[in-house]
Structure formats: structure tokens, C-alpha cells
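Asks: Next comes the sequence, and after it the predicted model I'd like to discuss.
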Amino acid sequence: MGDFVAQPAEERGAGSAAMLADGLYEKTVTPDFALALHVTGMMPVGDVGLCKGYALANVDSVNITVRGKGGHGSTPQVTHDPIALAARIVTGLQNIVSREISPFDPAVVTVGSIHGGSKHNIISDLAHLQLTVRSESAADRTLLLDGIRRVAENMGRVAGLPEDRLPTVIVSNESVPPTLNDKALTERIMAVWDDHFGTGTVFSGERLGMGAEDFPVFTVDPYIPSLYFAVGGTPAADFARERAGGEPVPSHHSPLFKIEPNASVTLGVEASVTALLALLGD
């Protein structure tokens with residue numbers, strides 16, 4: 001038999017860990033295989049994309065608090081400007097990937113949010129940065145997180161802050177491991193789909209991107225052979241328009257993100273059912 005899991009809090013990366021802590025596999029069974037899918041706007045409707053090996057990245061959410069000494073904007077010499085310091089930190093973070101990670105290894109440090117200050121002529125005493133940090137290996141993850149702490153703290157020293165006022169770096173509990181597709185399972189399901197859909201539907205690449213999911217939390221310990229795949233959601237005409245110099249295809253989480261729901265849902269269901277029937281046939 002098979003079990004379907006309806007998972008909460010996927011977007012925060014916390015749902016799967018909460019379910020395991022609540023005894024998911026004790027209340028059901030430890031599965032022989034695990035499958036998951038996601039629609040993607042970066043592939044045309046009608047295509048199924050997957051890869052052998054790493055499909056998605058490890059992700060960490062990092063918060064940096066920059067403390068300064070506030071004052072009036074006309075007398076910056078008696079303040080420690082946290083906004084100016086935050087800007088130096090943002091610039092310094094970019095060198096971690098470009099100069100400390102091998103160009104052959106995927107890694108991303110993105111500052112997605114920066115907040116500080118309240119008025120034109122007031123130098124604030126506080127600024128906050130929110131980062132998403134993505135990598136593939138445990139070694140690179142450690143290097144990135146250690147580098148972020150080093151840059152943030154030492155930029156504080158460069159700015160003349162006392163040791164007890166240096167920027168603080170906190171890695172949130174929204175971290176998830178990389179998504180690793182089991183090679184044997186992936187090859188098996190690819191053969192099933194090729195036979196079912198025919199050529200021209202299933203595409204195998206190096207990886208699906210530097211996005212991340214908490215799906216692998218279900219499959220790491222104990223190890224469960226798993227496959228994470230994607231179905232295309234953007235009409236082919238939109239890609240043709242982009243190639244002709246028209247509006248670009250919106251990316252995920254863009255306010256303009258839009259997919260063709262009927263075709264993508266239908267393909268996702270058909271691909272899932274076909275794979276499940278092959279696995280349950282054992």
C-alpha cells in the first residue's frame with residue numbers, strides 16, 4: 001500500500017521536521033520510496049524535468065543585527081551609523097562566494113531584506129539584514145556561515161564598534177538539507193516515464209536549481225530512496241515571446257508569476273500515478 005502525506009508549513013521549511021518529531025513513521029510506516037514534485041515556471045507546459053543526484057540545494061535563513069550609535073544626520077562624527085555599516089557588510093558578503101568557494105561548486109548568499117532608520121535626518125542605532133544562504137555540501141555550508149559571521153563581526157571592528165556592540169549573526173531554524181535524488185530510483189522512473197509518455201516529454205539535467213525544499217528531511221534518516229521532479233507550468237508561447245525580445249517569463253515568487261494550471265496539474269498527476277503504479281507493482 002502507499003501513503004499520501006499532506007504536509008503543513010512547507011514554505012517555512014519546518015513542516016516535515018515537526019511531522020517526524022510527532023512520530024510520522026511510527027504512526028504509519030517507513031516507506032520504501034518517496035516521491036515529490038513541484039511546478040516550475042522555468043519549463044514549458046508538457047515537460048517533466050528531473051536529475052540524478054543533487055536536485056536542490058541546502059538552505060539556511062540568516063539574520064544579522066547591526067547595532068550602532070544613533071544621532072542627528074548633521075553630526076555623523078558623534079555616531080556609529082548602522083546603515084552605512086550594513087551596506088559594507090552586504091558588499092563584503094559577496095566576496096565569500098566569489099573568492100572563497102570553488103567556481104565549480106554551487107553557492108548563493110542573497111540579502112533579501114535590509115531595514116534600518118525611520119527619518120531623513122536621523123541616524124538610527126539599529127539595522128536588520130535577512131539572508132538566504134544556499135549550498136550543496138556540508139563543507140561549503142560551514143564555510144559560508146563562518147564567512148558571514150567573520151565578515152559581519154570584522155566590519156563592525158572596521159567601523160570602530162566596541163566588542164560588545166559588534167553585529168550579531170543568528171542562523172534560524174528554517175534550515176533544510178539538500179535534495180538528493182537516488183540514482184537507481186531516478187533511472188527506473190525515467191524508463192517508466194519514457195515508455196509511458198514517449199520521447200520528448202522527460203528531460204534529465206544536472207540539477208533543478210538552487211531552490212530548496214524540506215522534503216529531504218523525510219528521507220535522510222533513515223535513508224529512503226527518493227525522487228524529486230518538476231513539471232513545466234509556463235506556456236511555450238511565453239518562452240517564444242521572450243526569445244523574440246518580448247516580456248521575460250516571470251520567475252517564482254515574482255508578483256507576475258503565472259502558470260497554466262490545468263495542463264500542469266494534469267501532467268503532475270499523470271506522472272505521479274504512473275510512477276506509483278510501477279513502484280507499487282513490486
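Replies: It's in.

Asks: What ranges does the chain have for its helices?
Replies: 15-21, 24-27, 82-100, 138-158, 183-197, 236-243, 261-280 (DSSP state H).

Asks: got the domain boundaries for the chain?
Replies: 15-56+178-280, 58-171 (automatic domain parsing).

Asks: Lowest mean pLDDT across those, which one is that?
Replies: For the domains of the chain, mean pLDDT drops lowest on domain 15-56+178-280, to a mean of 92.

Asks: where does it sit relative to the chain's centre, distance-wise?
Replies: A distance of 14 Å separates the centroid of the chain from that of domain 15-56+178-280, by C-alpha atoms, centre = their mean, to the nearest Å.

Asks: on that earlier part again, including distance to A6, could the domains of the chain go into a markdown table?
Replies: From N, CA and C alone the C-beta is placed, and that goes for glycine too. Below are the domains of the chain laid out as a markdown table (distance: least, C-beta to C-beta, whole Å):
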| stretch | distance to A6 |
| --- | --- |
| domain 15-56+178-280 | 10 |
| domain 58-171 | 22 |
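
Asks: I'd like these written out as TSV, with mean neighbour count added.
Replies: Output for the domains of the chain, formatted as TSV (neighbours: other C-beta atoms under 10 Å):
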stretch	mean neighbour count
domain 15-56+178-280	17
domain 58-171	17
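
Asks: show me what contacts R141?
Replies: N58, D60, V133, S135 (C-beta atoms under 8 Å, 6 or more residues apart in numbering).

Asks: Test my guess that T132 contacts S61.
Replies: Yes: counting by C-beta atoms under 8 Å, T132 touches S61, with 6.1 Å between them.

Asks: which residues does the residue nearest to V78 when sequence neighbours are not counted form a beta bridge with?
Replies: Ranked by C-beta to C-beta, 6 or more residues apart in numbering and with sequence neighbours excluded, the top spatial neighbour of V78 is G71, at 5.6 Å. G71 has these beta-bridge partners by DSSP bridges: I123.

Asks: quick one, what contacts G71?
Replies: V78, T79, I122, I123.

Asks: R157 versus the residue lying closest to the third one once chain neighbours are set aside, what's the distance?
Replies: Right, I122. With sequence-adjacent residues excluded and distances taken as C-beta to C-beta, 6+ apart, I122 is closest to G73, at 6.2 Å. G73 sits 24 Å away from R157 when distances are taken as C-beta to C-beta, to the nearest Å.

Asks: could the contacts of G71 go into JSON lines alongside distance to T28?
Replies: As requested, those are exported to JSON lines (distance: C-beta to C-beta, whole Å):
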{"residue": "V78", "distance to T28": "63"}
{"residue": "T79", "distance to T28": "58"}
{"residue": "I122", "distance to T28": "56"}
{"residue": "I123", "distance to T28": "57"}
